[in-house]
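Chemist: Test case, fold it:
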Amino acid sequence: MAKGLLRRIGVSVGCLAAALAAGAALAGCFDVQQSMTLQRDLSGQAAFSMTVNFEPMVQFMAEFQRSMAGQKGEPTAAELEKVRQDFLASRKSKAEDSPVNKEKLEKSLPPGIKLIDSSVQDQGLKMVVHLRFAFDNVAKLGQINLPSEGADQPGSKNPFDRPFGGLQVVDEGKTLLLTSPATNPLPAKESMPSGPDLSPDVAKQMEAVFKGFRVAFQIETPFEVVESNATRREGKTLYWEYDLNSIKKMTPEQSKTGIRARFRK
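Modeler: You can find the predicted model right below:
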């Protein structure tokens, strides 16, 4: 997907290594909301909403093109509009750009999890996905994957292919420990393709793509909250919110347990 997209919007093949190093940046900027209602028997419902904004990518590609052409300064309005229209044309009627294939998703769900509501709104430079699941055991949520068209293509993976990936619930006897890692949208260095290192300017442009990155998570349970690292709490509902800056400040250990709560059964 990424190579085809870059060729369609006019980036030369010789520049692909540096552009592909942007990895997840080619997917757009994410605003994600996850929520969970948990019952005493550990069944319940979970919702996942994701808004993918492609506008920052338009800015990135326009700046990248200027950089490769040896031009200085910000892209002109005309240059931005040209990249924007080329990008929209490249996505038109492209099934590979759909973030969710409902039929495949339903077939891939593990026993005990049911898709009860779903919608995808394609607004051109913005895509909004909403999913709601019922589950018989909260521990199964981490097994959900989002099959999508073109998922086997280079650069097509997004950091939320597993909407509840990494979620763990440990029965400690008298208490339950729930943890989930913080998702970093920027590609890990070791996952970048071989080739020339990114220049400081291009690296800065990549970060600008994610300036609106945001993840919000909430969980409502009938259990007593023993301790948590939640951002805030209202009654027995816990809330977490983080952006790219807060993720970058986390230690590796903090990142592994970005969401952590212990409940008394």
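Chemist: What separation do you get for residue 179 and residue 47?
Modeler: In this view, residue 179 and residue 47 are 20 Å apart by Cβ to Cβ, to the nearest Å. All C-beta atoms are positioned from the backbone trio N, CA, C, and that covers glycine.
Chemist: Please read the previous query as pertaining to residue 161.
Modeler: Going from residue 161 to residue 47 by Cβ to Cβ gives 17 Å.
Chemist: can you check residue 107 too?
Modeler: 21 Å.
Chemist: Between those two, point out the one with more neighbours.
Modeler: residue 47 (17 against 9; other Cβ atoms under 10 Å).
Chemist: and that one, that's in a strand?
Modeler: Yes: checked against DSSP: H, G, I helix; E, B strand; the rest coil, residue 47 lies within a strand.
Chemist: Surely it touches residue 132?
Modeler: Yes: counting by Cβ atoms under 8 Å, residue 47 touches residue 132, with 4.7 Å between them.
Chemist: Give me the below-cutoff pLDDT ranges for the chain.
Modeler: 1-28, 91-99, 148-159, 184-210 (pLDDT under 70).
Chemist: got a list of what residue 222 touches?
Modeler: The contact partners of residue 222, by Cβ atoms under 8 Å, 6 or more residues apart in numbering, come to 38, 39, 40, 236.
Chemist: Residue 182 is in contact with residue 247, isn't it?
Modeler: Yes: the criterion here is Cβ under 8 Å, and residue 182 meets it with residue 247 at 5.3 Å.
Chemist: intersection of neighbour lists for these two?
Modeler: Joint contacts of residue 182 and residue 247 (Cβ under 8 Å, 6+ apart) are 255, 258.
Chemist: about what we covered before: now, of the contacts of residue 222, which are buried?
Modeler: With burial judged by 16 or more other Cβ atoms under 10 Å, the buried subset of these is residue 38.
Chemist: okay if I get the contacts of residue 222 as CSV plus distance to residue 212 and secondary structure?
Modeler: Formatted as CSV, those follow (distance: Cβ to Cβ, whole Å; DSSP: H, G, I helix; E, B strand; the rest coil):
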residue, distance to residue 212, secondary structure
38, 30, strand
39, 34, coil
40, 38, coil
236, 31, coil
